[in-house]
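Enquirer: from the sequence below, what's the structure:
(chains A and B)
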Amino acid sequence: MNRPSIFEDNQKLAEHLKTRHRIGIFWRTAFITSIVIGLLALVTLILNIVNGGFGYVIIENKVDPDLLASEPLDDLDAPELAEIMRTHISPNRLRAIEFEMALEERSRSDLYGMVMERIVDPTIVESYTLIESIGKYNEIAAFAAAEYPTAEVVFRSWLNQQFLEGGSSRKAELAGVRTALKGSLILILITISFAFPIGVSSAIYLEEYADGKNKINRIIQTNIDNLAGVPSIIYGILGLAIFVRTFAPLTSGSIFGVEGESGRTILSAGLTMSLLILPIIIINAQEAIRAVPNSLRQASYGLGATKWQTIWNHVLPYALPGILTGTILAVSRAIGETAPLIVVGASTMITSDPNGPFSAFTALPIQIYNWTSRPQEQFRNIAAAAIIVLMISLLSLNATAILLRNRFRRQ
Amino acid sequence: MAQTSASGISKEKPTAEIIRKKLRHRSRPGENIIQAFLFLCGTVSILTTIGIVYELGKESWLFFGSTDVDLREFLTTTTWQPTIGEFGVLPLVNATLMTTFFAMLISLPLGLGAAIYLSEYATHRTRSILKPILEVLAGVPTVVYGYFALTFMTPLLRSIFGADTVQIYNTLSAGLVMGIMILPLVSSMTEDALNAVPRSLREGAYGLGATRLETAIKIVVPAAISGIIAAFIIGISRAIGETMIVALAAGSGPNFTYNPFAAAETMTGYIARISGGDLSYDTPDYNSIFAIGLLLFTITLGLNIVSRRLVAKYREVYE
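Expert: Model (predicted):
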């Protein structure tokens, strides 16, 4: 063999090959490390949240709840709680409370909250994260005995039933997410009821009716793609200028005779969020409609159906799983969005639950933002608990989307 | 063939022709109404863009009119103190660029590496497990990332670099966490670009004796380079527009500094802070939100358009 070779002999070739393979293995490890770092970040994120949501607390009660009744407070029902209130609260205070709403009409969780807030009045003087708490009971108890002789050391899950049922409060120990959850719920309902019909209709128009070469239709398509990339806070600014300010009579409800002049209502926020997720719904629905095989449409036309009949009876049912999945993804994006809500004017401290589209409101992400910005350690704890609630909701929503998609696909 | 109807009268024309004539003349107003309605829905998106541009432009115009600030002073001076009439936007832009820089420092190499692994090395099964997990990172709400930055990243940085050098609010912490958040976005767009490269190119390289790494680095990545750059640009655009992480962890108060351990407010953080407080319409503070919003919108829109042009360009090469 007289072929010229850049290697003098086979051994040099083998060495060179080995070097190339070694370099290959090095970089392969580097690429795998990239993914591992990403996974590590996710695990760290989850652990960090769980770490903040559970731990020992040193808690001082003004009145020991065990002394109030023969059974633990959690087991008492409304009339018994009302009785405790009557015996422990001064008559003046009691009259003021009853003036707002009589004790008999209040819900059990409401009475429980009042008993805790006004009678038991717990103060958490120290709280520890989960990592700081594991195996350290004796040290914490010793510290508590030295610094806070009247307090007790309890292992607290900051995510408990009272957290889910309670309303907002100035004290972290008593704060709950009920108001925020209701706000988020109404917000999402308003968002979907605007964004879904308009979004799906736009997608139907763009895919079925629009001539792709028409100038206007191409502008619409490019425009939607651009809107999908606009930062969410810009949508908030848009909502502030148009829905909160310009359309204030409409969004505050004064056209309909509802009291209140501020446009900073759930309605404004819902409209803003629907503009935000509109491009996502449109793009996803377009893909779903595009995936419908043309033979289906041709068969329908062949039987004499009109265009709309074809779409309504054949194309849409076929594309519905994809459209629904896209909508659920858009909704899960909307649930977690905070920036537009801040700009549109979500309250960070409201006392009563929202009761309609024209009320002031707060939402779960806003609550998390608010609690995280406070310097006290306890607010970090309840922020972590609220995050857990948020993540569980998102997880179940996405799981539903995946289940839906798989179920329809089997058909 | 003579056709007879049910009443026994023979017709002159075949029935099919009568039907065709009837259908031709039958107007379908329902179809037209539906089409018009659907078209109107399509225009909602155009109205949104018009609304954004109009409102941002109008209020910015008011801002420049009412405060004796001209455009050059706005864009080039480095103090932002509305109380004494200083409206230089550079501190905010600088902080935005710093957080974006740190974010891309993390998400570019890691995103590229993850994408190369997923597209060139991973088996089908590995990919089907790893991709959804990365997608979870993308689905976490940004306020949760803000919490993470404040409660984990900042203490971590303080323990590494010392509590004296690292302030409680700093741009490095926010930037790094932002990088983690953008990582799945960059990774999945890059992976799409790599997957679009035809298999024949890879097969050719293997046929000539290239190792997997050499094929990936010297053949596939250069072939997909415009898509990869497009992914990077989208990542940058996303980082510039991000609000909650910087609002919680980067600081609140404009500060022109190159120190990554110091607090500095970004453009988005400023908008969030001002609009979150008491806001009276038509004050310089209110109008300044729109001016900064306009700047933000222009930057991100420009980046997105450039990115899409690049994607369109590389799509042509293979079709």
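
Enquirer: list the helices and strands the helix or strand where A:Val125 lies packs on?
Expert: Take DSSP states H and E as the rule and A:Val125 turns out to sit in strand A:123-127. Using 3 or more Cβ pairs under 8 Å, 6 or more residues apart in numbering or on different chains; DSSP states H and E, the elements in contact with strand A:123-127 are strand A:54-60, helix A:137-147, helix A:377-410. For glycine as for every other residue, the C-beta is placed from the backbone atoms N, C-alpha and C.

Enquirer: tell me which of the ones you listed sits nearest to chain B.
Expert: Evaluated with Cβ to the nearest Cβ, the helices and strands packed on strand A:123-127 place helix A:377-410 nearest to chain B, the distance being 5.3 Å.

Enquirer: that closest one and chain B in contact?
Expert: Yes: Helix A:377-410 lies within reach of chain B by Cβ under 8 Å from any Cβ of the partner chain, at A:Arg380, A:Ala383, A:Ala384, A:Ile387, A:Leu390, A:Met391, A:Leu394, A:Asn398.

Enquirer: following element in sequence after the strand holding A:Val125, please.
Expert: Per DSSP H and E, the helix or strand that comes after strand A:123-127 is helix A:130-133.

Enquirer: render the CA-only coordinates of that next one in CSV, please.
Expert: Output in CSV follows, covering the C-alpha atoms of helix A:130-133 (Å, rounded to 0.1, in the frame of the first residue of the first chain):
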residue,chain,number,x,y,z
LEU,A,130,-36.8,22.5,58.2
ILE,A,131,-33.0,22.1,57.9
GLU,A,132,-32.5,24.0,61.1
SER,A,133,-35.1,22.0,62.9
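
Enquirer: what are the buried residues along that helix?
Expert: A:Leu130, A:Ser133 (16 or more other Cβ atoms under 10 Å in any protein chain shown).

Enquirer: is any part of that helix close to chain B?
Expert: No: counting by Cβ under 8 Å from any Cβ, chain B has no neighbours in helix A:130-133; the shortest distance is 11.4 Å.

Enquirer: who does that helix touch, helix- and strand-wise?
Expert: helix A:10-53, strand A:54-60.

Enquirer: any idea which of the helices and strands packed on strand A:123-127 gets closest to A:Arg95?
Expert: Among those, the nearest to A:Arg95 by Cβ to Cβ is strand A:54-60 (28.9 Å).

Enquirer: if we can go back for a sec, JSON lines please, covering the helices and strands packed on strand A:123-127 and showing mean pLDDT, distance to B:Thr211 and mean neighbour count.
Expert: Below are the helices and strands packed on strand A:123-127 laid out as JSON lines (pLDDT from 0 to 100; distance: least, Cβ to Cβ, whole Å; neighbours: other Cβ atoms under 10 Å in any protein chain shown):
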{"stretch": "strand A:54-60", "mean pLDDT": "83", "distance to B:Thr211": "49", "mean neighbour count": "21"}
{"stretch": "helix A:137-147", "mean pLDDT": "80", "distance to B:Thr211": "56", "mean neighbour count": "13"}
{"stretch": "helix A:377-410", "mean pLDDT": "85", "distance to B:Thr211": "38", "mean neighbour count": "18"}
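
Enquirer: with distance to A:Pro91 added, can I get the ones you listed in JSON lines?
Expert: Below are these laid out as JSON lines (distance: least, Cβ to Cβ, whole Å):
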{"stretch": "strand A:54-60", "distance to A:Pro91": "27"}
{"stretch": "helix A:137-147", "distance to A:Pro91": "36"}
{"stretch": "helix A:377-410", "distance to A:Pro91": "33"}
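
Enquirer: count the residues that sit near A:Met116.
Expert: 21 (other Cβ atoms under 10 Å in any protein chain shown).

Enquirer: rewinding a little: would you tell me which one of the helices and strands packed on helix A:130-133 is buried the most?
Expert: strand A:54-60 (a mean of 21; mean count of other Cβ atoms under 10 Å in any protein chain shown).

Enquirer: after that one, next one along is what?
Expert: Trace forward from strand A:54-60 with DSSP H and E and the next one is helix A:78-88.

Enquirer: helix A:78-88 and the next helix or strand along the chain from that following helix, what's the angle between them?
Expert: With elements assigned by DSSP H and E, the helix or strand that comes after helix A:78-88 is helix A:91-100. Comparing the axes of helix A:91-100 and helix A:78-88 via axes from the mean of the first three to the mean of the last three Cα atoms, to 10 degrees yields an angle of 140 degrees.

Enquirer: mean confidence score for helix A:91-100?
Expert: Averaging pLDDT along helix A:91-100 yields 79.

Enquirer: what about A:Ala299, distance to B:Arg202?
Expert: A:Ala299 sits at a distance of 40 Å from B:Arg202 (criterion: Cβ to Cβ, to the nearest Å).

Enquirer: same deal with A:Glu60?
Expert: Relative to B:Arg202, A:Glu60 is positioned 68 Å away (Cβ to Cβ).

Enquirer: repeat for A:Val389
Expert: Taken as Cβ to Cβ, the span from A:Val389 to B:Arg202 is 47 Å.

Enquirer: what values do phi and psi take at the residue of the stretch 51-200 of chain A found nearest chain B?
Expert: In the stretch 51-200 of chain A, the residue found nearest to chain B is A:Ile198; the distance is 4.8 Å by Cβ to the nearest Cβ. Here the main-chain torsion angles of A:Ile198 (degrees, to the nearest 10) amount to phi -60, psi -40.

Enquirer: okay, and the nearest residue to it once chain neighbours are set aside sits in which element?
Expert: Spatially, and ignoring its direct neighbours in sequence, A:Ile198 is nearest to B:Cys41 (4.8 Å; Cβ to Cβ, 6 or more residues apart in numbering or on different chains). Take DSSP H and E as the rule and B:Cys41 turns out to sit in helix B:29-66.

Enquirer: is chain B contacted by stretch A:148-166?
Expert: No: residues of stretch A:148-166 are not located near chain B by Cβ under 8 Å from any Cβ, the shortest gap being 13.6 Å.

Enquirer: contact partners for the residue of the stretch 51-200 of chain B found nearest chain A?
Expert: Closest residue of the stretch 51-200 of chain B to chain A, Cβ to the nearest Cβ: B:Pro141 (2.7 Å). B:Pro141 makes contact with A:Ile335, A:Gly336, A:Glu337, A:Thr338, A:Pro365, A:Leu390, A:Leu394, B:Met244, according to Cβ atoms under 8 Å, 6 or more residues apart in numbering or on different chains.

Enquirer: and the residue nearest to A:Ile198, how far is that from A:Ile220?
Expert: In terms of Cβ to Cβ, B:Cys41 sits 10 Å off from A:Ile220.

Enquirer: equivalent analysis for A:Asn355, please.
Expert: Taken as Cβ to Cβ, the span from A:Asn355 to A:Ile220 is 38 Å.

Enquirer: these two: which has the busier surroundings?
Expert: Shown here are A:Asn355 and A:Ile220; by other Cβ under 10 Å, A:Ile220 has more neighbours (23 against 10).

Enquirer: what's the closest non-adjacent residue to the more buried one?
Expert: B:Gly42 (5.3 Å).

Enquirer: in the helix holding B:Cys41, what's buried?
Expert: B:34-35, B:38-39, B:41-42, B:44-45, B:48-49, B:51-52, B:55-56, B:59-60, B:62-64.

Enquirer: quick one, what contacts the closest residue to chain A within the stretch 201-319 of chain B?
Expert: In the stretch 201-319 of chain B, the residue found nearest to chain A is B:Gly241; the distance is 2.6 Å by Cβ to the nearest Cβ. By Cβ under 8 Å, 6+ apart, the residues touching B:Gly241 are A:Val230, A:Pro231, A:Ser232, A:Ile233, A:Ile234, B:Thr268, B:Leu296, B:Thr300.
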